[in-house]
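Novice: Here is my input, please return the structure:
(2 chains)
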Amino acid sequence: MPRDAAVLPAAPAARSGFALPRETGWWLLLLPAFLLMTVLYLAPILQVLAISVTEPAPGLGNYERLLTSPGLQRVIGTTLRICLITTLVSLLLGYALSYVIALASPRARRWWLLGVLLPLWISVLVRAFAWVTLLRRQGLVNEGLLSLGLIEAPLPLVWNEFGIVVGMVHYMVPYAVLPMLAAMREIDPRLLAAARGLGASRGTAFRRVFLPLSAPGLVAAGLLVFIVSLGFYITPAILGGGKTLMAAEWIKLQILDLVRWGMGAMLATMLVVTILTLLGVFSRLLDLRRLFGGGR
Amino acid sequence: MTGGHPAGPLARLLAWGTVLYLLLPITIVIPVSLTDRRYLSLPEEGLSLQHYARLFGSEAWLSAIGQSLWIALGATAVAVAAGTLCAIGCWRIGRRSSELVRVLMLLPLIIPGIVYAIGLYRWFGWLDLLDRVLGVTLAHGVTGIPYVVITVSTALAAFDPRLEQAARGMGASLGQTLRWVILPRIAPGIASGAIFAFIHSWDELVLVLFIASRRVLTLPRKIWDGINENLDPTMAAVAVLLILFTILLLALDGMLRARSGR
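Specialist: Numbers count the residues shown, from 1 in each chain, chains lettered A, B, ... in the order given. Sure thing, here's the model as predicted:
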C-alpha cells in the first residue's frame, strides 16, 4: 500500500483530503518558538511601549520631554553624533577591506575573512577591556608615547567620545564588511578588466564601474551599522566612563538609578520606532531578508 | 570575483591597517595576563602565571564560570529545540504567513538589548523569575532562537523538498519524516546554530545586568564588575581564556561546515 502511493500519484480528491491535517502538523512545529517569542519576548517589549504612555500619568507627557528637556536632547544629540561618526568610519574601513577581499584569490580571501570574523565573535567585554588597557592614562599607548618622548603629558584617549568611537568602530567593522562583501562578490570581474582594457585608469575603473555597482551593499552596510550602534550599551558604558551618556546608558540610569520608568520606556520606545522606521524605509530600496540572513 | 584586477596600493594599505586594528588590540591581553607585576602592565622582568593561578584558585571566578556554563547549555537547548522546529515549519509551509513568523523570530537581532532588558525586568518581576537561573536561561534561550533559525534555514535551503514528499508519500508520519529524513540532513546547520546560541548566552551581559543581582552572577557580570571596580591582571587572564574558548568554538563550527560542504 505505501509502495503504491509512491509509484502512483494519488487521486486529486484524496490529496486534498489529506492536505489539511498535514498542514496542521507543520504549523504545530512553529508553536514552541511562537509561544516562547510572544510570551517571553514580544509581551515584555509591548509592555515597555505601554509604560511610556501610562507612567507616571497617562498621556504623552514623557514624549513632551523630548521637546522641553535640554539634558535629554543632549543625550540624543550625543547618540546620533557618535552613531553617525561610527557608521562613516566603519563604512570607510570596511569598504577598503571588502574591496581587497573581493579581489583577492580564494586562498587569500579565506585568511582575510578569518581576520574579520574572529573579532566579530570575541566577547564585547573582552574587547572593551583590551581597549581600556591600551588607552587609559597609564595605558600602554600613553606609556609608550611618553617613553619615546613624543608627548609630554598622557593624551585623553578613553573615557570620552574618542574612546567610545574607537571601541564602537572596532565592533562594527565586521558588520559593515559582511553585506558589502556579499554585494561586491556579485560584481562581474570582467567589467573591471573591460574598463581597464578600454583605457580607464585604476581610479576611473573603480569610480565609474565598481563603486556604483557596490552602492547597494554600501547602503545596506550603513543601515546595519547605524541601527546596531543606536542601541549600544556595554562599549559606551565602559569606554565612556560614565561621562559621555548615550541613549542606552541613559535608559539604564532612568530605570535602575532614578526609577523613572516612564522616561526610560519613552526613550526605549523611540529607539525601537527609529530602528523600525529606518528598516521600513530602506526595505523599499534593499533586499533586507538577505541582510539578516533570512532568505536563501 | 577573482583575477585580472588586483586591488590598488591605497586600498591594500587601508585593508591591512584595518585588519591590524581589528586583531592587534585584542592580542594585547596575552602579554598583560603574563605580567610579573600586580597591576595592569607588560611583563617587566619575566613572565609569570600567577594571575592564572589566582583565577583558578578563586571561588568567585570558578562559580561564575560554572553558572555561565549551565545557563548557556540550558539556553542553547531551548533555542535549538524551538528554533529548529520553527525553521522546518516555516520552510515547509513557505507562505506569507510563515514568512511573518520568521520575521518575528529575527526581532531579537533588530531590537536593542537594552529595550528588551528593561521590559523583562518588569515582566520577570511579575512572573517571579528575577535573579533566578531559570529566568536568565529562558531569556537567553529566547534571544538565541534567531541564530538557530538562520543557520537551520540556510541548511534547509540546500535540502531537496522532494525527499520529504517522498517520505510522506511512502507513509511516514510527520515525526518519522523529521527524525529519519530531515534532521539528519540538516544536522550540521543545527550544530552551527547551537554553537552561536551558546556563544550568545555565554557572552550576554545587558539582560543579566537587569534580571540578575546576587544569586545569579554570570561570568560576563563578574568581568563587568571587575572592569568597574579593580582593573587587575586577573581580568587579562580571564580575557585570554575567553578568547581561546571562542576560537575553539569557531574552529568547531568551521569543521562542521567543511564536513557538510563535502
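Novice: From now on I want contacts and neighbour counts done on CA atoms only, so please keep to that.
Specialist: Fine.
Novice: separation between the nearest residue to residue B:11 once chain neighbours are set aside and residue A:214?
Specialist: Spatial nearest neighbour of residue B:11, chain neighbours left out: residue A:96 (5.3 Å); criterion: Cα to Cα, 6 or more residues apart in numbering or on different chains. According to Cα to Cα, to the nearest Å, residue A:96 and residue A:214 sit 12 Å apart.
Novice: and if you look at residue B:55?
Specialist: Computed as Cα to Cα, the residue B:55 to residue A:214 distance reads 48 Å.
Novice: cool, and residue A:66?
Specialist: Using Cα to Cα, we find residue A:66 at a distance of 38 Å from residue A:214.
Novice: Compare the two (neighbour count), which wins?
Specialist: Higher neighbour count among residue A:66 and residue A:214: residue A:214, with 20 against 17, using other Cα atoms under 10 Å in any protein chain shown.
Novice: Show the contacting residues for the more buried one.
Specialist: A:180, A:183-184, A:187 (Cα atoms under 8 Å, 6 or more residues apart in numbering or on different chains).
Novice: ranking these by neighbours, who comes first?
Specialist: residue A:180 (27 neighbours).
Novice: Filter the contacts of residue A:214 down to just the ones in helices.
Specialist: Judged by DSSP state H, the contacts of residue A:214 include A:180, A:183-184 as members of helices.
Novice: so which of those residues comes closest to chain B?
Specialist: Using Cα to the nearest Cα, residue A:184 comes nearest to chain B of the ones in helices among the contacts of residue A:214, at 7.9 Å.
Novice: Touching, that closest one and residue A:101? I think so.
Specialist: No - using Cα atoms under 8 Å, residue A:184 makes no contact with residue A:101, being 9.3 Å away.
Novice: residues bridging contact with those two, i.e. touching both?
Specialist: Common neighbours of residue A:184 and residue A:101 (Cα under 8 Å, 6+ apart) do not exist.
Novice: Run the contact check for stretch B:176-183 versus chain A.
Specialist: No - contact of stretch B:176-183 with chain A (Cα under 8 Å from any Cα of the partner chain) is absent, the minimum separation being 10.5 Å.
Novice: end-to-end on that stretch?
Specialist: Note: stretch B:176-183 ends 10 Å apart using Cα to Cα.
Novice: And the contacts of that stretch?
Specialist: B:163-164, B:167-168.
Novice: May I see the ChimeraX selection of the buried members of those?
Specialist: The ChimeraX command for the buried members of the contacts of stretch B:176-183 (criterion: 16 or more other Cα atoms under 10 Å in any protein chain shown) is given here:
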select /B:164,167,168
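Novice: JSON lines for the contacts of stretch B:176-183, including pLDDT and distance to chain A?
Specialist: Shown next, in JSON lines, are the contacts of stretch B:176-183 (pLDDT from 0 to 100; distance: Cα to the nearest Cα, whole Å):
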{"residue": "B:163", "pLDDT": "87", "distance to chain A": "12"}
{"residue": "B:164", "pLDDT": "85", "distance to chain A": "12"}
{"residue": "B:167", "pLDDT": "88", "distance to chain A": "9"}
{"residue": "B:168", "pLDDT": "84", "distance to chain A": "9"}
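Novice: taking the contacts of stretch B:176-183 as a set, which two sit the farthest apart in space?
Specialist: B:163 and B:168 (8.7 Å; Cα to Cα).
Novice: Against which helices or strands is the helix or strand where residue B:254 lies packed?
Specialist: Secondary structure assignment for residue B:254, by DSSP states H and E: helix B:233-261. Counting contacts by 3 or more Cα pairs under 8 Å, 6 or more residues apart in numbering or on different chains; DSSP states H and E, helix B:233-261 is packed against helix A:124-135, helix B:29-33, helix B:50-56, helix B:183-203, helix B:219-229.
Novice: Mind checking the ones you listed for the one nearest to residue A:27?
Specialist: helix B:183-203 (17.2 Å).
Novice: buried residues in the closest one?
Specialist: Buried, per 16+ other Cα under 10 Å, within helix B:183-203: B:183, B:185-203.
Novice: That one: what's the following helix or strand?
Specialist: helix B:206-211.
Novice: and that next one, what other elements does it pack with?
Specialist: helix B:113-127, helix B:133-157.
Novice: Highest mean neighbour count out of the ones you listed?
Specialist: Most buried of the helices and strands packed on helix B:206-211, by mean neighbour count (mean count of other Cα atoms under 10 Å in any protein chain shown): helix B:133-157, with a mean of 25.
Novice: for the helix or strand following that one, packing partners?
Specialist: Proceeding N to C from helix B:133-157, the next assigned helix or strand is helix B:161-169, under DSSP H and E. Helix B:161-169 makes packing contacts with helix A:2-7 when contacts are defined by 3+ Cα pairs under 8 Å, 6+ apart.
Novice: which residue packs closest to residue 152, ignoring adjacent ones?
Specialist: With no chain named, the answer covers chain A. Nearest one to residue A:152, counting by Cα to Cα, 6+ apart, is residue A:146 at 6.3 Å.
Novice: nope, chain B
Specialist: residue B:189 (4.9 Å).
Novice: Mind pulling up the pLDDT for the one you found?
Specialist: The model reports residue B:189 with a pLDDT of 91.
Novice: Could you do residue B:262 as well?
Specialist: Looking at residue B:262, the pLDDT reads 48.
Novice: Centre-most residue in the chain?
Specialist: The chain I'm using is chain A. For chain A, the residue nearest the mean C-alpha position is residue A:228 (3.1 Å; Cα atoms, centre = their mean).
Novice: actually chain B
Specialist: Short answer for chain B (Cα atoms, centre = their mean): residue B:199, at 2.1 Å.
Novice: distance of that residue from residue B:243?
Specialist: 11 Å.
Novice: do the same with residue A:169
Specialist: Counting by Cα to Cα, the separation of residue A:169 from residue B:243 is 19 Å.
Novice: between these two, who's got more neighbours?
Specialist: Taking other Cα under 10 Å, residue A:169 and residue B:243 do not tie; residue A:169 has more neighbours (26 against 23).
Novice: Retrieve the pLDDT associated with that one.
Specialist: Confidence score, pLDDT, at residue A:169: 97.
Novice: Report the secondary structure state of residue A:242.
Specialist: Put simply, residue A:242 is coil when judged by DSSP: H, G, I helix; E, B strand; the rest coil.
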